[in-house]
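# Quick one: sequence and predicted model below, then my questions.
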Amino acid sequence: MPPSTMSLEAGQSGDDEAETNQSTEANGASASKEWQQLAPLHEAGISPTLSDMSRRQFVLERWRNAALRAVRRAVDPWRKYNIHNMPLLRARRFRYSATRKTWVEDFVEIKMCMEPFARGAMRECFRVKKLSSMGFSQDWEHAHNYVAKRYIQEVDKQVIFDDVKLQLDCKLWAEEFNRNRPPKKIDIVQMNVIQILDLPDEPYYHLEHFIEGEYVKYNSNSGFVCEMQRQTPHAFSHFTFERSGHQLIVVDIQGVGDLYTDPQIHTVSGTDYGDGNLGTKGMALFFHSHQCNAICRMLCLTEFDLAVSERERLKEDCAKLLPTLEPTHFTKSRKRNEQSCNPLLDDLAPDDAMESLRRRSESLRIRYRSMIAAVSPTFDAKLEHNADCTCEHCIQELCSGVNLEDEDSFSESTSRRGSLTSPSGRKWGRTSLSIESPDFMFRRRTPDSMCSSVGDSSRVTGITERDEYWASQRKKSIPAGVITALESQPPQEIAHALRHISILGQVHLDLARYHEVGRFLKEEEANCEKLRVLHELTSTGSSISSSTTTTGDSDVKYDQEAALYHLDIARRCGNLEAILTVAKMCYHLPHELLKEIGNDVSWFADTAEDFDKDVEEFSFDMMLSAAEMGDRGAILFVAEAYETGNNMGKRGEISYTSAIFWLEKSLGFADDEEGTEQHRPRHELLANMARLYQEGGYGLDGDLTRAYELYNEAAEAAMENMKGKLANKYYECAEMCAI
């Protein structure tokens with residue numbers, strides 16, 4: 001029943017019972033007045049005289065006014081603090097463009113409570129109101145709520161600006177995540193820097209929109225996982241790891257719902273993005289506590305390799321939480337190809353995923369503006385507005401003239417139209433691509449991506465055919481699970497993959513190291529281990545600082561199988577430290593990692609052919625691999641093995657030619673490692689090479705002239721090291737070669 005009819009009936013009832021129904025008459029009059037405001041919407045929807053364009057603009061304008069009234073009538077959660085009565089403060093605002101890596105400076109006016117309402121470990125928060133810079137209203141009572149964050153301890157100004165760069169770089173990754181169409185889209189709060197000019201010392205603050213709701217920390221930069229067991233935050237972190245080609249991962253996800261703030265980025269180098277960047281160690285902590293969920297599988301993210309004991313422990317932890325949780329149900333809107341998530345790398349920055357993402361985001365925004373300009377001729381005058389602009393003109397141009405067609409119906413219509421789809425669709429990530437005409441490319445934008453998400457740069461999901469082709473040529477799959485990848489790739493492609501797999505190797509090596517120090521012991525297990533070690537030390541009369549804490553039975557009892565599992569994967573990924581550690585274990589040589597483990601582990605059964613190898617042959621292969629990767633100690637070991645024939649296995653043979661090759665390689669290192677296991681003086685190496693040339697054999701032709709030259713070089717090097725007697729000996733050997 002229309003509200004006007006309800007008002008009429010209320011008035012008739014009021015004539016009969018005027019004394020008892022005065023409030024009902026008032027409510028009816030109010031409803032009638034409200035209906036007069038909303039009636040044009042109904043009329044616009046059925047009026048045959050209005051064109052489609054006019055009707056759409058008219059309805060949009062009415063809804064905009066209705067939304068404005070709703071916002072004004074909404075209860076301000078900060079109304080009781082009377083921030084609108086606070087003194088007006090002038091501030092200089094610094095805004096950062098993550099795609100262009102540039103700063104824009106302007107001036108704003110704010111009102112702020114001087115008492116913090118929240119305090120963390122490093123920063124405290126203040127309530128702020130700021131008027132929109134795009135309007136002319138001076139109604140401070142209904143101004144937007146913001147949060148100003150200030151460091152408790154004084155920090156360098158550059159740290160404050162770097163925090164903004166970090167958060168907006170994470171925002172680009174959130175947009176990239178949304179382009180892959182997860183069940184729930186995410187966003188990261190826009191952050192700026194303001195310098196309040198009217199306060200003493202003109203302090204710097206971070207400025208963010210206030211997020212109303214329950215604030216939750218889903219995971220941290222050190223492996224913490226929230227008990228709420230949300231899928232989207234953890235899938236987003238996993239996505240950034242694979243999409244960046246293992247170069248970085250976004251963690252420390254926290255916020256209200258799927259609107260996040262204050263994230264952290266771990267990079268391979270571990271030098272960018274402040275002190276919270278833990279490098280590959282942070283990546284290891286995340287994956288040890290991460291169990292792939294339905295969203296990870298939908299995005300075709302590969303499962304990280306964990307030991308059986310680690311997987312069982314994750315299942316136990318999840319089983320304790322699942323009965324109290326309501327799982328997320330969703331349906332796939334598009335059939336995805338069963339391929340792993342592709343890294344976002346290109347030829348201009350093959351080793352910098354962040355720069356590749358900046359170029360991709362900027363390209364999509366430029367393409368978006370071009371598409372809008374092609375449909376709306378008046379859009380060219382407003383190209384200074386970016387793709388995130390939510391001003392009235394941009395919204396009107398965005399939603400007017402757009403064919404709001406459902407994607408499913410679009411798919412049906414394109415299939416009916418026939419020849420626009422390529423017979424064999426090329427692949428972009430996990431989605432089959434089709435060749436579409438420009439008008440189809442524009443009409444394919446759905447209501448969700450073009451209007452409902454106005455102001456969200458992730459609304460553009462399509463790219464041109466040429467970009468699709470070259471991007472698909474550049475991209476190579478880099479999964480987080482390395483074992484399946486190595487087994488599935490042909491031998492000629494493994495070397496190319498190892499450049500990125502080596503990052504995974506470092507992550508697995510860090511996991512092995514964390515196991516050794518007891519990082520993953522449960523709290524009760526860790527307490528029992530501390531008491532046991534303390535009891536053993538006191539019973540033997542040793543002090544806590546004694547070396548017995550790191551040797552023998554006083555070691556912390558950790559999961560050795562899991563540690564060896566990760567060490568083995570790191571070795572197979574080509575990690576130099578892991579290869580050296582395994583080789584030294586097999587040769588009974590001292591090693592730093594997993595010190596108490598010897599050669600009683602079977603390492604050499606990677607393939608069926610490897611079963612024929614003996615331990616010594618496998619160990620020499622490991623040492624040879626380390627030498628090829630440039631480790632000086634391994635180079636000297638291999639050179640000596642080829643010279644003597646020792647430590648090479650049953651099929652090893654003496655080769656002076658190979659010994660000379662590796663000795664020459666060792667001469668390329670600076671002679672500054674005296675006192676280490678890798679140290680052999682230069683004069684000693686030269687004399688050894690001279691002796692081999694002097695003797696000849698084992699594949700090396702004798703060359704007395706070359707031996708004479710090398711002995712003289714050895715004598716000069718010995719003189720530089722104040723080894724006079726040894727130098728004379730080398731000179732005598734040189735004279736013997738000259739005879």
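Okay, I see it.

# got the contact list for stretch 116-125?
Contacts to stretch 116-125, defined as CB atoms under 8 Å, 6 or more residues apart in numbering, come from residues F126, R127, V147, A148, K149, R150, Y151, I152, Q153, H206. For the C-beta atoms, the positions are set from N, CA and C on the backbone; glycine is no exception.

# How much space separates the second one from Q254?
In other words, R127. In this view, R127 and Q254 are 20 Å apart by CB to CB, to the nearest Å.

# Repeat that for G630.
From G630 to Q254 the distance is 42 Å (CB to CB).

# Same question for D305.
D305 is 28 Å from Q254, by CB to CB.

# what about those two, which has more around it?
D305 (23 against 17; other CB atoms under 10 Å).

# So that one, which state does it fall into?
coil (DSSP: H, G, I helix; E, B strand; the rest coil).

# and if you look at the one 10 residues further on?
Three-state call for K315 (three-state DSSP): helix.

# For the strand ranked longest in the chain, buried residues please.
The longest strand of the chain (DSSP state E) is strand 102-112. Buried positions in strand 102-112, judged by neighbour count with 16 or more other CB atoms under 10 Å: E109, I110, K111, M112.

# if we can go back for a sec, quick one: which of the contacts of stretch 116-125 is nearest to R691?
Q153 (63.6 Å; CB to CB).

# Near the closest one, how many other residues are there?
Neighbour tally, Q153, other CB under 10 Å: 6.

# and what of E732?
A count of nearby residues for E732, using other CB under 10 Å, gives 11.

# what about it, distance to R680?
Counting by CB to CB - E732 and R680 are separated by 22 Å.

# One more: T232?
56 Å.

# And for L172?
50 Å.

# And for V268?
Counting by CB to CB - V268 and R680 are separated by 33 Å.

# Where does the prediction get shaky in the stretch 101-250 of the chain?
135, 227-229 (pLDDT under 70).

# Tell me where it has strands.
Taking DSSP state E, counting those that start in this stretch, the strands of the stretch 101-250 of the chain run over residues 102-112, 118-119, 123-130, 144-151, 187-188, 191-196, 204-209, 216-217, 248-251.

# for these, which one ends up most surrounded?
Neighbour counts (mean count of other CB atoms under 10 Å) averaged over each of these peak at strand 248-251, with a mean of 28.

# packing partners for it?
Judged by 3 or more CB pairs under 8 Å, 6 or more residues apart in numbering; DSSP states H and E, the packing partners of strand 248-251 are helix 232-243, strand 264-267, helix 279-288.

# Figure out which of the ones you listed is closest to P183.
With CB to CB, the closest approach to P183 among the helices and strands packed on strand 248-251 belongs to helix 232-243: 7.4 Å.

# buried residues in the closest one?
Using 16+ other CB under 10 Å as the burial criterion, the residues of helix 232-243 that qualify are T232, P233, H234, A235, F236, S237, H238, F239, T240, F241, E242, R243.

# now these in TSV, with distance to A121?
TSV is the format used below for these (distance: CB to CB, whole Å):
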residue	distance to A121
T232	26
P233	21
H234	23
A235	27
F236	24
S237	21
H238	26
F239	28
T240	24
F241	26
E242	31
R243	30
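
# so which of those comes closest to Y215?
Once CB to CB is applied, the member of the buried residues of helix 232-243 that ends up nearest Y215 is P233, at 13.2 Å.

# The closest one contacts I253, correct?
Yes. Proximity of P233 to I253 meets the contact threshold set by CB atoms under 8 Å, at 4.1 Å.

# Common neighbours of those two, please.
Common neighbours of P233 and I253 (CB under 8 Å, 6+ apart) are Y218, N219, Y260.

# For the residue nearest to the first one when sequence neighbours are not counted, give me its contacts.
Read that as Y218. Closest residue to Y218 apart from its sequence neighbours, by CB to CB, 6 or more residues apart in numbering: P233 at 3.8 Å. By CB under 8 Å, 6+ apart, P233 lies in contact with I186, Y218, N219, I253, D258, Y260.

# Run through the bridge partners of the third one.
For N219, the beta-bridge assignment (DSSP bridges) gives partners V225.

# List the residues that contact it.
Per CB under 8 Å, 6+ apart, neighbours of N219: V225, C226, P233, H234, S237, V251, D252, I253, F286, S289.
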